[in-house]
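> Requesting a structural model of the entry that follows:
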Amino acid sequence: MDGTTLHTPDSPANREHFGAQGYASGKVASYPQVRAVTLTAIPTHLVADINFGRYDTNEMVYAKSLLPQIPEDSLTVFDKGFLAAEILCGLTMGARNRHFLIPAKSNTCWEVISGTADDATVRMRVSPQARKKCPALPEFWDARAIRTIDARGRERVLLTSLGDRRRFKPADIVACYERRWQIETSYRELKQSMLGSELTLRSRTVEGVYQEIWGALIAYNLIRREIACAACEAKLAPTDISFVHALHTIQHEMMWAALSPAYAKLPACLQRLRERLKSLPNEKRPERACDRVVKSRPKRYTVRYLKKNLN
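I've put the predicted structure just below:
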């Protein structure tokens with residue numbers, strides 16, 4: 001589960017309904033923005049559910065509405081911004097065998113109950129404000145804290161409800177968290193590949209924006225579903241098939257089906273499509289390493305380069 005934003009055209013209706021980001025200087029962003037939180041299946045990149053609306057609505061509000069859609073016997077990986085008892089306890093109390101995995105914040109406080117410094121069971125207090133808002137919350141809640149070192153050498157603590165140390169090894173839990181970044185790949189596929197990296201959506205009306213987002217998500221899930229079906233037949237992982245190549249292949253097949261009546265026999269067309277998808281590997285370059293880095297802030301003034309006289 002993670003959040004994202006989309007820009008809409010700057011029409012009076014969109015700005016009034018969705019709002020926009022405000023800055024400390026008092027200025028407001030040039031385009032209205034839609035805030036969204038999605039629930040995505042990591043193995044297939046299928047979007048299981050989404051909630052979106054005004055930009056000034058906190059992501060936690062959207063996240064709470066998605067909790068009933070999380071299936072049983074599952075592990076949900078969160079960004080640390082969702083570290084709240086209302087979200088995590090609501091997940092584990094709402095159904096059978098639903099678990100969470102989330103990194104701790106630097107100011108998260110707890111009491112160690114058992115275990116070691118690298119793998120401990122900790123207890124945290126639920127704030128009075130949270131219990132007042134949700135009386136069903138307990139006074140304390142427990143989690144398993146696993147201390148690890150990331151690729152940049154920084155220490156990180158992962159909190160999870162997977163408390164069985166014999167069944168769930170720390171290395172496996174850390175590997176599960178590393179897959180969380182695949183949701184960013186899903187956002188890239190939707191925003192850049194499908195929507196063409198456009199600065200904004202197209203509709204200038206509120207109803208049109210909602211329709212456009214739902215339409216894009218339906219199309220995205222249909223493509224991802226066909227990729228998953230083709231991968232299953234070929235005994236591959238769904239992520240082993242290129243999304244961009246699959247998108248272009250499906251567009252090509254749809255155009256030919258519309259132009260040629262004999263070409264549009266659905267069972268044969270679907271079988272031919274899946275056979276073509278099986279031959280579209282996702283080209284991975286294992287030798288390429290792109291570490292996550294923090295970009296430098298742009299300069300406020302134009303940089304001037306002075307020529308030096310060489311003696």
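> Could you use CA atoms for every contact and neighbour count after this?
Noted.
> And the contacts of the longest strand along the chain?
Assignment by DSSP state E gives strand 140-149 as the longest strand of the chain. With contact meaning CA atoms under 8 Å, 6 or more residues apart in numbering, strand 140-149 is reached by 85, 89, 117-126, 155-163, 170, 174.
> Quick one: end-to-end distance for stretch 139-158.
22 Å (CA to CA, to the nearest Å).
> what distance separates it from the middle of the whole chain?
Here the centre of stretch 139-158 is set off from its chain's centre by 20 Å, with CA atoms, centre = their mean, to the nearest Å.
> Same question for stretch 88-97.
For stretch 88-97 - counting by CA atoms, centre = their mean - the centre lies 20 Å from the chain centre.
> Got the domain ranges for this protein?
The record's domain parsing of the chain by automatic domain parsing lists 71-168, 184-278.
> got CSV for those, with mean pLDDT and mean neighbour count too?
Below are the domains of the chain laid out as CSV (pLDDT from 0 to 100; neighbours: other CA atoms under 10 Å):
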stretch, mean pLDDT, mean neighbour count
domain 71-168, 90, 16
domain 184-278, 87, 16
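> For Ala13, which of those is the nearest?
domain 184-278 (6.1 Å; CA to CA).
> end to end, how far does the closest one reach?
Across domain 184-278, first to last residue, CA to CA, it's 24 Å.
> And the nearest residue to Lys191 once chain neighbours are set aside, how far from Arg224?
Nearest-residue entry for Lys191: Ser197, 5.9 Å, with adjacent residues in sequence omitted and distances by CA to CA, 6 or more residues apart in numbering. Distance of Ser197 to Arg224, computed by CA to CA: 19 Å.
> Distance-wise, check the residue nearest to Lys191 relative to Leu158.
34 Å.
> try Arg204
42 Å.
> Kindly report the same for Leu217.
From Leu217 to Leu158 the distance is 31 Å (CA to CA).
> just how off-centre is stretch 220-237 within its chain?
Distance, centroid of stretch 220-237 to centroid of chain: 19 Å (CA atoms, centre = their mean).
> Give me the residues contacting it.
Taking CA under 8 Å, 6+ apart as the rule, stretch 220-237 contacts 43-47, 190, 194, 238, 240-241, 243, 246-247, 250, 274-275, 277-278.
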